[in-house]
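Trainee: give me a model of this one.
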Amino acid sequence: MKLSTIAKLATAVTLLMPVGVTAQSLTDFQQLSQEDRRAYIEAMSPQEREAKRNEWRAQRVAMTDEERQAMRDRHRAERDDRRAQWDAMSDEERTAKREQMRGRRDEMRRRYDAMSPEERDAIRQKQREHGAKQREHGAKQRERGGRGNHERGQRHGNHDQRQRDSSEQL
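Mentor: Numbers count the residues shown, from 1 in each chain. Predicted coordinates for the structure are as follows:
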């Protein structure tokens, strides 16, 4: 492939991306719609994704306590909005949404199944490392008396109870 052809393809891909998908900071990214976030991330190479995650992680670490609390409050409000939207959906809309989510899970499964054993091992290792990092972080938070001192299911409400309630409505 000629260099000029590659440049043309790169330009075409850039032009096809949604205009709003130019998140430079963590807060810019969080303000994108869910679809724009997904498009933004999927347009990156795995190395670019990792670099961006590290950049955003550094931004989060550098936040003041007030900024972190504001981010948590914003996330809580967004979660409450999503819950209200779900509760306002008709049974047909919920069924369609479940199918959409199932389709995304199936696509992720297809991608995973298409990976080589080495790629799968690398992903498993990365997940183990991430889990260890999360457990370590949670332990530090609990030692300081911060987040993480909730009973199972109490942080975001009782998921099991919501599941029972929604199945009883069917």
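
Trainee: for residue 93, see how far away the nearest residue to residue 44 once chain neighbours are set aside is.
Mentor: Once flanking residues are discounted, residue 44 sits nearest to residue 52: 6.7 Å by Cβ to Cβ, 6 or more residues apart in numbering. For the C-beta atoms, the positions are set from N, CA and C on the backbone; glycine is no exception. Counting by Cβ to Cβ, to the nearest Å, the separation of residue 52 from residue 93 is 33 Å.

Trainee: tell me which of those two has more neighbours.
Mentor: Between residue 52 and residue 93, residue 52 has the larger neighbour count (other Cβ atoms under 10 Å), namely 17 against 12.

Trainee: find me the pLDDT at the more buried one, would you?
Mentor: Residue 52 is assigned a predicted lDDT (pLDDT) of 86.

Trainee: and the next element down the chain from the helix or strand containing it?
Mentor: Assigned by DSSP states H and E, residue 52 belongs to helix 46-62. Later in the chain than helix 46-62, the nearest helix or strand by DSSP H and E is helix 65-88.

Trainee: tell me the helix or strand right after that next one.
Mentor: helix 91-113.

Trainee: distance from the chain centre to that following helix, please.
Mentor: Put simply, helix 91-113 sits 16 Å off its chain's centre (Cα atoms, centre = their mean, to the nearest Å).
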